[in-house]
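# Pasting the sequence and the predicted model now:
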Amino acid sequence: MLTDRELMARVASGDEEAFNVLFERHAAVVRGRALSIVRVESAAEDVTQEVFLRLWSRAGQWQGKGTVRGWLLRAATNLALNHLRSVRRRRSQPLEIRPEPEGDDDGTLTPSWMIDNAAAVPDQVLEQSEHRRARESLISRLPVKQREVIRLVHEMEMNVEEAARDLGVPPGTIKSRLYHARHLLAREWERRREHYE
């Protein structure tokens, strides 16, 4: 069985079969990440499709840092947040007046142009996404080795042994890095919270 790295190299050269294998391996996790942010099934599907479209068209830009799954999850997070921002902009724009459809004399039918399921995303979800983005910002400032471990264990949902194999270090090293990374994040998060209160 080919590794993700080998498959990415093949996708970069236009191998559709390699793309299909990567899609089968990672689509469910990518969709889950998107859904956890946008909270709307159809929007999560759109984000997932866009992530894999980017994988197909930009596979050659992947530099082999981290894992393919992590790269896909970061893309899903960014695209889902962009989707929420566009929904917020749409809701803040004035409605365009359009003619009512004919045959709606009793006013019981809602014109389809007024129905925007994506706009039903509550502000609370957007706040949670901004909270997640702030956490990502803090993670990006961790030392490289600690940042790697946090991403493998939390973003890619690897256990300690899997992360150790991926990085080629003993499990005890992973546990130590994870402990220090969480300690730093908790301290910085508390500092940030106090700053905004």
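In hand now; what should we look at? Numbering: from 1, shown residues only.
# mind checking which helix or strand of the chain has the lowest mean pLDDT?
One helix or strand of the chain scores below all others by mean pLDDT, DSSP states H and E: helix 123-140, with a mean of 69.
# Contacts only, for the residue nearest in space to the middle of the chain.
Nearest residue to the geometric centre of the chain (CA atoms, centre = their mean): T77, 2.1 Å. Counting by CB atoms under 8 Å, 6 or more residues apart in numbering, T77 touches R33, I37, R132, E136. Glycine gets a C-beta too; all of them are placed from N, C-alpha and C.
# which residues in this protein form helices?
For the chain, applying DSSP state H gives helices covering 4-12, 16-38, 41-58, 68-92, 123-140, 144-150, 160-167, 171-196.
# Contact partners for the nearest residue to T173 once chain neighbours are set aside?
Nearest residue to T173 in three dimensions, chain neighbours excluded: A164, at 7.1 Å (CB to CB, 6 or more residues apart in numbering). Taking CB under 8 Å, 6+ apart, we find A164 in contact with P170, P171, T173, I174.
# can you check A18 too?
By CB under 8 Å, 6+ apart, the contact list for A18 reads L2, L7, M8, R10, V11.
# between those, which is nearest W71?
Distances from W71 to the contacts of A18, taken as CB to CB, are shortest for M8 (8.7 Å).
# quick one on the thing from earlier: of the contacts of T77, closest to M156?
R33 (10.6 Å).
# Does the closest one touch R74 like I think?
No. Counting by CB atoms under 8 Å, R74 is not a contact partner of R33; they are 9.3 Å apart.
# The two: which has the busier surroundings?
R33 (23 against 16; other CB atoms under 10 Å).
# export stretch 14-21 as CSV, just CAs?
What follows is stretch 14-21, C-alpha atoms only, in CSV (Å, rounded to 0.1, in the frame of the first residue of the first chain):
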residue,chain,number,x,y,z
GLY,A,14,-1.7,13.9,-12.7
ASP,A,15,-2.4,10.4,-11.4
GLU,A,16,-6.2,10.2,-10.9
GLU,A,17,-6.1,6.8,-9.2
ALA,A,18,-3.7,8.2,-6.5
PHE,A,19,-6.1,11.1,-6.0
ASN,A,20,-9.0,8.7,-5.6
VAL,A,21,-7.1,6.8,-2.9
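# Sort out which residues of it are buried, please.
Neighbour-count burial for stretch 14-21, counted by 16 or more other CB atoms under 10 Å, picks out A18, F19, V21.
# can you check stretch 42-51 too?
Buried, per 16+ other CB under 10 Å, within stretch 42-51: A43, A44, D46, V47, T48, E50, V51.
# And those residues, which is closest to K145?
Nearest to K145 among the buried residues of stretch 42-51, counting by CB to CB, is V51 at 27.1 Å.
# Quickly note the distance from the closest one to A76.
From V51 across to A76, the span is 5 Å (CB to CB, to the nearest Å).
# Give the residues shared as contacts by the two.
Listed as contacting both V51 and A76 by CB under 8 Å, 6+ apart are V30, A34.
# ok, the contacts of A164 vs H154, which is closest?
I174 (12.5 Å).
# OK, contacts around that closest one?
Counting by CB under 8 Å, 6+ apart, I174 has contacts V149, V153, V160, A163, A164, L167.
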